[in-house]
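**Q** Let me see the structure of the following:
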Amino acid sequence: MPELSELDKTKNNVIIFDDIILDKKGIKNVEQYFIMGRNLGIKAMIYITQNYYRCPRLVRENCNLISFFKKMSDRSITMIYNDLGLDITKKNFIKIFSDNLVNKHDFVTFDIDNDDDNYKIRNSKFMPTGNSFISK
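**A** Residues are numbered from 1 along each chain as shown. Predicted structure coming up:
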């Protein structure tokens, strides 16, 4: 992983962290990317993990988009629901997973910062799941 100071600020940098297992020093390095990255020319960062909770909390808190690709237990979904703090009921949050993660390559994406309720939650066809899940 290059040092942040080594990045060329004049370029549109994209950084992908792919299912990495980190020691404490490695976690701190990744967190620095998410804290300082936009100021240093990083236009996008993608953190891929097999387990939501293996992703460092600071990274999760600094994500705009979070996508899930496989079914999980209701317990795991409830933990993610509590972590994300979206304006949606837990029942509807669980339903989004069961309705949209049916086939092998399906996914559901939560667009945390999107102001348009129709696009806060999208499925693998990049279609909105409908704003009926968003509380008013």
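**Q** C-alpha only now, for contacts and for neighbours.
**A** Fine.
**Q** per-domain residue ranges of the protein.
**A** Structurally, the chain divides into domains by automatic domain parsing as follows: 1-63, 65-136.
**Q** and the end-to-end length of the first one?
**A** The reference is to domain 1-63. From the first residue to the last, domain 1-63 extends over 20 Å; the measure is CA to CA, to the nearest Å.
**Q** Rounded mean pLDDT for it, please.
**A** Taken as a whole, domain 1-63 has an average pLDDT of 85.
**Q** cool, and stretch 76-83?
**A** Mean predicted confidence for stretch 76-83 is 91.
**Q** ok so, going back, I'd like the domains of the chain written out as TSV, with mean neighbour count added.
**A** Shown next, in TSV, are the domains of the chain (neighbours: other CA atoms under 10 Å):
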stretch	mean neighbour count
domain 1-63	14
domain 65-136	15
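**Q** What separation do you get for the spatially most central residue of the chain and residue 1?
**A** The chain has residue 66 as the residue nearest its centroid, 2.2 Å off, counting by CA atoms, centre = their mean. Going from residue 66 to residue 1 by CA to CA gives 23 Å.
**Q** swap in residue 55?
**A** 17 Å.
**Q** do residue 109 as well
**A** Taking CA to CA, one finds residue 109 at 27 Å from residue 1.
**Q** all helices of the protein, in order?
**A** Secondary structure of the chain (DSSP state H): helices located at 24-36, 57-61, 74-84, 90-100.
**Q** Can you name every helix or strand that the first one contacts?
**A** Okay, so that is helix 24-36. helix 57-61 (3 or more CA pairs under 8 Å, 6 or more residues apart in numbering; DSSP states H and E).
**Q** before we move on, what about the third one?
**A** Helix 74-84 is packed against helix 90-100, with contacts defined by 3+ CA pairs under 8 Å, 6+ apart.
**Q** quick one: contacts of stretch 76-84?
**A** For stretch 76-84, contacts defined as CA atoms under 8 Å, 6 or more residues apart in numbering pick out 52, 90, 93, 94.
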